[in-house]
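**Student:** My questions are about this predicted structure, shown below with the sequence.
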Amino acid sequence: MEPVIALREVAFWLERARAESRRVQAYRKAADILDGLSDSRRAELARTDSWTTLKGVGPKTAAVAAQAAGGDIPDYLTELRAAAEPIGVGGDSLRTELRGDLHTHSNWSDGGSPIHEMMSTAQSLGHQYCVLTDHSPRLKVANGLSAERLREQLDVIDELRDELAPFRILTGIEVDILDDGGLDQDDELLDRLDVVVASVHSNLRADTATMTRRMVAAVQNPRVDVLGHCTGRLVEGNRGTRPESSFDADAVFAACRDGGTAVEINSRPERRDPPQRLIAAALDAGCLFSIDTDAHAPGQLDWQGYGCERAVTAGVPAARVINTWSAEKLLEWTAS
């Protein structure tokens with residue numbers, strides 16, 4: 001087993017298990033350091049077992065590298081694989097029908113890994129396609145993409161497509177819904193993208209009428225395909241908790257249905273958004289859904305089962321979930 005691959009797989013399982021970020025980053029940093037070395041330099045380090053002479057490689061990461069270089073599966077990796085618990089068992093039947101993930105982030109905004117690693121991981125998990133949806137410019141805390149940087153990202157994706165084919169990288173954005181219901185990116189660029197996820201990230205405590213007008217305007221915009229984490233709530237995690245935004249759910253979900261905008265079932269454990277009662281309300285309103293991870297790291301791409309379990313509990317049929325569709329059908333729908 002290659003040391004770089006072993007280190008990255010350790011990071012994957014730690015991310016999947018929601019380990020502390022500093023632990024994950026130790027293995028990702030070590031993998032990046034080793035990946036930047038020549039084959040001959042890595043061979044020398046393996047022969048002399050001197051991995052810890054590299055700045056940024058400590059005893060634990062060195063042990064993984066040494067065992068992998070010696071032809072063994074590292075003990076720590078074996079331990080993590082064995083300890084991995086199933087995710088969203090109650091949603092297994094729906095999870096097998098999903099063909100992609102429509103909401104993911106890379107290190108171009110606030111994700112932790114390069115586009116290639118995110119997409120190759122999605123491919124290894126069985127996806128046929130995955131949408132990259134880094135943040136829009138207003139969200140400066142998340143290093144949101146200016147129009148210029150988004151154009152650069154589209155060029156990078158074009159270069160990666162052939163390498164990962166037949167897996168398909170779809171272009172996208174998680175665009176901020178502005179206070180007036182407008183979208184935080186140039187219309188010309190939004191028109192170029194395969195999938196647009198629109199989310200509220202600011203002024204989450206606005207009054208019900210204001211928030212409702214804002215969300216209805218956004219989901220009625222023909223450029224918007226998915227309404228992301230609609231309540232903005234946080235129920236656990238290192239960012240603390242945050243209550244739901246207040247809006248007229250009947251009005252917003254009717255606008256989603258009539259405007260052809262899917263309601264996202266966000267799979268992040270700290271979000272679980274929408275809550276179950278609102279998934280039921282969107283189902284009753286006749287909405288379509290998208291079950292997404294909102295992954296900011298490769299290991300989080302395996303969180304889709306959490307959302308599937310919640311969808312199954314609410315009685316959402318697979319036919320109403322747009323990422324059970326083929327890429328061709330999905331793109332035909334978003335283009336329309």
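**Tutor:** Sure, I can see it. Please read these numbers as outputs of a predicted model, since none were measured by experiment.

**Student:** Next one, pLDDT for residue 36 please.
**Tutor:** Residue 36 is assigned a pLDDT of 96 by the prediction.

**Student:** quick one, what contacts it?
**Tutor:** Residues near residue 36 by C-beta atoms under 8 Å, 6 or more residues apart in numbering: none. For the C-beta atoms, the positions are set from N, CA and C on the backbone; glycine is no exception.

**Student:** again, only this time at 10 Å
**Tutor:** residue 4 (C-beta atoms under 10 Å, 6 or more residues apart in numbering).

**Student:** what does residue 236 give?
**Tutor:** Taking C-beta under 10 Å, 6+ apart as the test, what residue 236 contacts is 18, 269-272.

**Student:** and of the residues you listed, the nearest to residue 57?
**Tutor:** For the contacts of residue 236, the minimum distance to residue 57 (C-beta to C-beta) is 24.5 Å, reached by residue 18.

**Student:** count of neighbours near that closest one?
**Tutor:** Residues contacting residue 18 under the criterion other C-beta atoms under 10 Å number 17.

**Student:** ok, now residue 73?
**Tutor:** Quick note: residue 73 (other C-beta under 10 Å) scores 14 neighbours.

**Student:** Also residue 72?
**Tutor:** For residue 72, using other C-beta under 10 Å, the count is 13.

**Student:** How is the protein partitioned into domains?
**Tutor:** 3-83, 89-335 (automatic domain parsing).

**Student:** helices or strands up against the longest strand belonging to the chain?
**Tutor:** Using DSSP state E to assign secondary structure, the strand with the most residues in the chain is strand 168-176. If contacts are counted by 3 or more C-beta pairs under 10 Å, 6 or more residues apart in numbering; DSSP states H and E, strand 168-176 sits against strand 100-101, helix 115-124, strand 129-132, helix 147-164, helix 187-192, strand 195-199, helix 327-335.

**Student:** returning to what we had before: tell me which of the domains of the chain is the most buried.
**Tutor:** Highest mean neighbour count among those (mean count of other C-beta atoms under 10 Å): domain 89-335, with a mean of 20.

**Student:** If you average the pLDDT over it, what comes out?
**Tutor:** For domain 89-335, the per-residue pLDDT averages 97.

**Student:** ok now it, how far from the chain's centre?
**Tutor:** 8 Å (C-alpha atoms, centre = their mean, to the nearest Å).

**Student:** Now do the helices in the stretch 201-336 of the chain.
**Tutor:** In the stretch 201-336 of the chain, the helices defined using DSSP state H, counting those that start in this stretch lie at 208-219, 249-259, 276-285, 304-314, 327-335.

**Student:** Residue 237 versus the residue located most distally from the centre of the chain, what's the distance?
**Tutor:** When distances to the mean C-alpha position of the chain are computed (C-alpha atoms, centre = their mean), the maximum falls on residue 48, with 39.7 Å. Distance of residue 48 to residue 237, computed by C-beta to C-beta, to the nearest Å: 42 Å.

**Student:** still on that earlier bit, can you put the helices and strands packed on strand 168-176 in JSON lines and add distance to residue 229?
**Tutor:** Formatted as JSON lines, those follow (distance: least, C-beta to C-beta, whole Å):
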{"stretch": "strand 100-101", "distance to residue 229": "14"}
{"stretch": "helix 115-124", "distance to residue 229": "19"}
{"stretch": "strand 129-132", "distance to residue 229": "15"}
{"stretch": "helix 147-164", "distance to residue 229": "21"}
{"stretch": "helix 187-192", "distance to residue 229": "19"}
{"stretch": "strand 195-199", "distance to residue 229": "6"}
{"stretch": "helix 327-335", "distance to residue 229": "19"}
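
**Student:** picking that back up, and residue 58, which of the helices of the stretch 201-336 of the chain is closest to it?
**Tutor:** Closest to residue 58 of the helices of the stretch 201-336 of the chain, according to C-beta to C-beta: helix 304-314, at 32.0 Å.

**Student:** Kindly spell out which helices and strands sit in contact with the closest one.
**Tutor:** Using 3+ C-beta pairs under 10 Å, 6+ apart, helix 304-314 sits against helix 92-95, strand 100-101, strand 262-266, helix 276-285, strand 289-292.

**Student:** Relative to residue 12, which of those is closest?
**Tutor:** strand 100-101 (15.3 Å).
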